[in-house]
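[1] Sharing a model prediction with you, sequence too.
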Amino acid sequence: MSDFDSAAIDSASDDDLMHRLFDLATHGDHESSELLALDAAVYSRLAAAYGETTPTGPTLAYSQAA
């Protein structure tokens, strides 16, 4: 899932989503549309798993260390 593809995100396993999200986050790609889509997908799946019907809450916000 190296190229951003929303269909791939929707069909990816939870493990694959977390692995790719970790890769993007740790390699400095903090503002890509793929990272934001992965963040939303992971949060949505977590919300569904814990019974939250409308995902509301923080989104990823990264700051660069000086």
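    Cool, the structure landed.
[2] any idea which helix is longest in this protein?
    helix 33-49 (DSSP state H).
[3] Quick one: list the elements packing against that helix.
    On a contact count with 3 or more Cβ pairs under 8 Å, 6 or more residues apart in numbering; DSSP states H and E, helix 33-49 meets helix 6-11, helix 14-26. Where C-beta positions appear, they are placed from N, C-alpha and C, glycine not excepted.
[4] Tell me which of the ones you listed is the most buried.
    Across the helices and strands packed on helix 33-49, averaging neighbours per residue (mean count of other Cβ atoms under 10 Å) puts helix 14-26 on top, at a mean of 14.
[5] what is the orientation angle of it with helix 33-49?
    140 degrees (axes from the mean of the first three to the mean of the last three Cα atoms, to 10 degrees).
[6] Mean confidence (pLDDT) on stretch 22-41, please.
    For stretch 22-41, mean pLDDT is 87.
[7] Return the distance of the longest helix of the chain from the chain's centre.
    From the chain centre to the centre of helix 33-49 is a distance of 4 Å (Cα atoms, centre = their mean, to the nearest Å).
[8] and if you look at stretch 29-36?
    With Cα atoms, centre = their mean, you get 8 Å for stretch 29-36.
[9] Endpoints of that stretch, how far apart?
    By Cα to Cα, to the nearest Å, the extent of stretch 29-36 from end to end equals 10 Å.
[10] Check stretch 5-15 too.
    Span of stretch 5-15 from end to end, Cα to Cα: 17 Å.
[11] Show me what it is in contact with.
    Residues from elsewhere that reach stretch 5-15 (Cβ atoms under 8 Å, 6 or more residues apart in numbering): 1, 17, 20, 37-38, 41-42, 45.
[12] Check these for burial and list the buried ones.
    Buried by 16 or more other Cβ atoms under 10 Å: 17, 20, 37-38, 41-42, out of these.
[13] Using JSON lines, please lay out those together with distance to Gly51.
    Listed next are these as JSON lines, based on distance: Cβ to Cβ, whole Å:
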{"residue": "Leu17", "distance to Gly51": "20"}
{"residue": "Arg20", "distance to Gly51": "26"}
{"residue": "Ala37", "distance to Gly51": "23"}
{"residue": "Leu38", "distance to Gly51": "22"}
{"residue": "Ala41", "distance to Gly51": "18"}
{"residue": "Val42", "distance to Gly51": "16"}
